[in-house]
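> Just to be clear, the model below is a prediction. Sequence and coordinates:
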Amino acid sequence: MAFRPKPQSVTHQATTTTRGHVLSAVTAKRRLGRRLIQLYAGLALYGASSALLVEAGLGLEPWNVLHQGLAELTGLTIGVVSIIVGAVVLLLWIPMRQRPGLGTVSNVFVVGMAMDGTLALVPDAHTLAVRVPLLLAGILLNGVATGLYIAARFGPGPRDGLMTGLHRRTGRSIRLMRTAVEVAVVVTGFALGGTIGVGTLLYAVSIGPLAQLFLRMFAVPTASGGSTVVAAGTPRRAILRG
């Protein structure tokens with residue numbers, strides 16, 4: 001039987017396909033690397049931004065009002081309390097059949113550690129001339145951090161997942177669930193000694209627009225060539241602080 005070489009077009013097509021697969025794998029690894037960097041940079045910056053709000057002393061974001069109140073009650077650092085509360089909230093996912101991702105579990109630990117680390121490094125602020133810039137910087141940095149870690153698409157934070165889980169279990173809107181949960185944690189935290197003030201209000205009205213801006217800025221392209229700016233399965237209205 002005479003040997004017949006494969007047609008050049010078939011060989012070329014096979015080579016092109018192989019190269020395409022290699023390039024796709026390389027691109028996927030680069031995309032994963034970028035997402036991991038975004039995740040942990042965002043979580044660390046989130047903890048740092050929360051620490052700046054604590055140092056400013058002009059009002060905290062809702063969950064940190066609770067964390068600060070519990071810290072006053074227990075004598076633990078606010079970062080450690082944040083980790084404990086995050087772990088407890090994550091346990092509440094079980095009856096709601098929520099599935100945590102890498103970002104969910106990392107959120108519990110990284111934010112609290114970054115908060116305590118920043119508080120140990122930043123000197124105490126006593127005058128309004130210092131405290132007001134700290135407040136503004138903390139809110140802006142919080143928006144940047146939110147955009148970074150959520151755009152990485154490794155899953156919502158434990159507190160965000162609690163709200164979306166309640167939404168699915170009760171049939172109530174995410175807006176209502178979010179409002180109910182955050183009012184409860186603010187009231188409880190304030191009763192325990194947490195700080196609320198003009199910073200709490202300014203955070204509430206500005207973090208949504210800031211988060212959306214930075215979510216678009218840090219969106220990681222998907223394999224299909226599009227971009228996803230929220231964690232898979234997480235409604236956009238539930239993006240603020242996990």
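Yes, it's here.
> How about the contacts made by L92?
Counting by CB atoms under 8 Å, 6 or more residues apart in numbering, L92 makes contact with 162, 165. Any C-beta I mention is one placed from the backbone N, CA and C, and that applies to glycine too.
> Torsion angles phi and psi at it?
The main-chain torsion angles of L92 are listed as degrees, to the nearest 10 and equal phi -70, psi -10.
> how close does it get to G86?
In this structure, L92 and G86 are separated by 11 Å, where distance is defined by CB to CB, to the nearest Å.
> Please give the number of neighbouring residues around T188.
The local packing of T188 (other CB atoms under 10 Å) involves 14 other residues.
> Test my guess that it contacts L66.
Yes: using CB atoms under 8 Å as the test, T188 is close enough to L66 to be in contact (5.7 Å).
> What are the boundaries of the strands in the chain?
220-221, 227-228 (DSSP state E).
> Given the first one, what are its sheet partners and their directions?
Here strand 220-221 has these sheet partners by DSSP bridges: strand 227-228 (antiparallel).
> now the helices for the chain?
Remark: helices assigned in the chain by DSSP state H are 8-56, 62-74, 78-91, 93-96, 102-121, 128-151, 158-170, 174-191, 198-217.
> For the nearest residue to A87 once chain neighbours are set aside, give me its contacts.
Excluding the flanking residues, the one nearest A87 by CB to CB, 6 or more residues apart in numbering is V108, at 5.6 Å. Contact partners of V108, counting by CB under 8 Å, 6+ apart, are 83, 86-87, 90, 158.
> Among the residues you listed, name the buried ones.
The neighbour count (16 or more other CB atoms under 10 Å) marks 83, 86, 90, 158 as buried among these.
> The last one touches G101, doesn't it?
No: P158 lies out of contact with G101 (CB under 8 Å); the separation is 10.7 Å.
> one step back: need the buried ones among the contacts of V108 in JSON lines (columns: distance to R31 and pLDDT).
Formatted as JSON lines, the buried ones among the contacts of V108 follow (distance: CB to CB, whole Å; pLDDT from 0 to 100):
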{"residue": "I83", "distance to R31": "29", "pLDDT": "97"}
{"residue": "G86", "distance to R31": "27", "pLDDT": "95"}
{"residue": "L90", "distance to R31": "27", "pLDDT": "93"}
{"residue": "P158", "distance to R31": "25", "pLDDT": "92"}
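> Now distance to G208 too, for these, in TSV please.
Shown next, in TSV, are the buried ones among the contacts of V108 (distance: CB to CB, whole Å):
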residue	distance to G208
I83	26
G86	22
L90	24
P158	20
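> Counting neighbours, what do you get for R35?
Count around R35 with other CB under 10 Å applied: 18.
> no no, L192
Count around L192 with other CB under 10 Å applied: 17.
> and what of T170?
Neighbours of T170 using other CB under 10 Å come to 11.
> if I pick it, what's in contact with it?
The contact partners of T170, taken as CB under 8 Å, 6+ apart, are M177.
> So what's the gap between stretch 180-195 and the chain middle?
The gap between where stretch 180-195 is centred and where its chain is centred comes out at 21 Å by CA atoms, centre = their mean, to the nearest Å.
> Just the CA coordinates for it, please, in CSV.
Coordinates of the C-alpha atoms in stretch 180-195 are reproduced here as CSV (Å, rounded to 0.1, in the frame of the first residue of the first chain):
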residue,chain,number,x,y,z
ALA,A,180,-33.6,45.0,57.8
VAL,A,181,-30.3,43.2,58.5
GLU,A,182,-28.2,46.4,58.5
VAL,A,183,-30.7,48.4,60.7
ALA,A,184,-30.6,45.5,63.2
VAL,A,185,-26.8,45.3,63.3
VAL,A,186,-26.4,49.1,63.6
VAL,A,187,-28.9,49.4,66.4
THR,A,188,-27.3,46.5,68.2
GLY,A,189,-23.8,47.8,67.7
PHE,A,190,-24.7,51.3,68.8
ALA,A,191,-26.4,49.9,72.0
LEU,A,192,-23.1,48.1,72.7
GLY,A,193,-20.9,51.2,72.2
GLY,A,194,-20.3,51.2,68.4
THR,A,195,-19.8,54.5,66.6
